[in-house]
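Trainee: Task: produce atomic coordinates for the following.
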Amino acid sequence: MTTTPANSEVSLGMPQLPAPDFPADVRARLETDAKEIIARYPGSRSALLPLLHLVQSEEGYVSRTGMAFCADQLGLTTAEVTAVATFYTMYRRKPSGDYQVGVCTNTLCAVMGGDAIFDELKQHLGVGNDETTEDGKVTLEHIECNAACDFAPVVMVNWEFFDNQTPDSAKQLVDDLREGRPVAPTRGAPLCTYKETARILAGFPDERPGAVEATGGAGPASLIGLRLARGESTQRVVSPRGGDDAAAPKDAPQPGSQHLSSHDAPQDTSASDPAHPAGPAAEEGE
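Mentor: Coordinates of the predicted model:
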């Protein structure tokens, strides 16, 4: 017969106690915001996603308290809210840092250096994937494609783009974040904290001066297909890291005025170079 040591923890499979409520003043403020969000939708349960961002803006992650609040506001069960909160990776399930640093490790970013950046940041910060530095400043994670392949490898901080990164530039980036030094995304709005980002994603205006005007436009390589569709002439786009500024198209923005891609585009094809057709043209269906 075996016995269990008295000091060991034994799980009896008992359910968790109900989540504690927000403090009264916090709950009152969140209820005011929640009413504004819910009023935007013809069906209240459609407001669940922005409500999850709202509670995340309060605590920096979606806690059991936050999920219970959402369920109460929408007349849902906590199981229904949990099913949604655990499906989408933008909802944090545990306390995280002021800055969510995501390194794209999908195929193109990986082969362009994303894997090397992620490995070096783990060592530099002393954390693993989905872990936070001891000072609570940076949470590191690998992320899936963010549709910025022509700027690979890409690092995102609170969902703002930092393009054409290297291990050294990425380490300088996280050091600046931890030391509170100014950091500017390659394109897009000025950087703010993760909680502030969550409130914007909940649908509330970004009231920082100049933030709305600082939009992130696509680079020349991203627009090649559009220019071809319009019948416009195209020229090769050369990486600013290649050191050959003379090869850049004359009408391309110079480095510093707009961020260029790290790849050349387009290659010679039947669409971009009629002298090298791919084969006989035929009408659709022939």
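Trainee: so how far is Leu51 from the closest residue to His53 other than its chain neighbours?
Mentor: Once flanking residues are discounted, His53 sits nearest to Ala202: 3.9 Å by CB to CB, 6 or more residues apart in numbering. To be clear about C-beta, it is placed using only N, CA and C from the backbone, and glycine gets the same treatment. Here the criterion is CB to CB, to the nearest Å. By it, Ala202 lies 7 Å from Leu51.
Trainee: Which one's more surrounded, these two?
Mentor: Leu51 (28 against 21; other CB atoms under 10 Å).
Trainee: What are the buried residues along the helix or strand Ser169 falls within?
Mentor: Ser169 is part of helix 167-179, with elements assigned from DSSP states H and E. Under the neighbour-count criterion of 16 or more other CB atoms under 10 Å, helix 167-179 has Pro167, Ala170, Lys171, Leu173, Val174, Leu177, Arg178 buried.
Trainee: picking that back up, mutual contacts of Ala202 and Leu51, please.
Mentor: Ile37 (CB atoms under 8 Å, 6 or more residues apart in numbering).
Trainee: pLDDT value on the residue nearest to His53, please?
Mentor: Looking at Ala202, its pLDDT stands at 95.
Trainee: Give the residue spans of the stretch 151-286 of the chain that score low on pLDDT.
Mentor: When residues are selected by pLDDT under 70, those of the stretch 151-286 of the chain lie in 215-219, 234-286.
Trainee: Could you rerun that using 50?
Mentor: For the stretch 151-286 of the chain, the stretches flagged by pLDDT under 50 are 238-239, 241-273, 276-286.
Trainee: could you pull out the helices for it?
Mentor: 167-179, 194-201, 224-229 (DSSP state H, counting those that start in this stretch).
Trainee: any chance of these in JSON lines, plus distance to Thr78?
Mentor: Conversion of the helices of the stretch 151-286 of the chain to JSON lines gives the following (distance: least, CB to CB, whole Å):
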{"stretch": "helix 167-179", "distance to Thr78": "34"}
{"stretch": "helix 194-201", "distance to Thr78": "20"}
{"stretch": "helix 224-229", "distance to Thr78": "45"}
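Trainee: who wins for proximity to Ala47 among those helices?
Mentor: helix 194-201 (13.1 Å; CB to CB).
Trainee: what is the rounded mean pLDDT of stretch 85-104?
Mentor: Here the average pLDDT along stretch 85-104 is 93.
Trainee: Name the residues of that stretch that come out as buried.
Mentor: For stretch 85-104, burial by neighbour count (16+ other CB under 10 Å) applies to Ala85, Tyr91, Arg92, Ser96, Gly97, Asp98, Tyr99, Gln100, Val101, Gly102, Val103, Cys104.
Trainee: Pretty sure Pro167 sits against Asp115.
Mentor: No: counting by CB atoms under 8 Å, Pro167 stays clear of Asp115, with 10.3 Å between them.
Trainee: quick revisit: can you show me the CA trace of the helix holding Ser169 as CSV?
Mentor: Output of helix 167-179 as CSV, limited to C-alpha atoms (Å, rounded to 0.1, in the frame of the first residue of the first chain):
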residue,chain,number,x,y,z
PRO,A,167,20.1,40.2,-35.2
ASP,A,168,22.0,43.3,-34.2
SER,A,169,19.2,45.8,-35.0
ALA,A,170,16.7,43.6,-33.2
LYS,A,171,18.8,43.4,-30.1
GLN,A,172,19.2,47.2,-30.2
LEU,A,173,15.5,47.5,-30.6
VAL,A,174,14.7,45.5,-27.4
ASP,A,175,17.4,47.3,-25.5
ASP,A,176,15.9,50.6,-26.4
LEU,A,177,12.4,49.4,-25.3
ARG,A,178,13.7,48.2,-22.0
GLU,A,179,15.6,51.4,-21.3
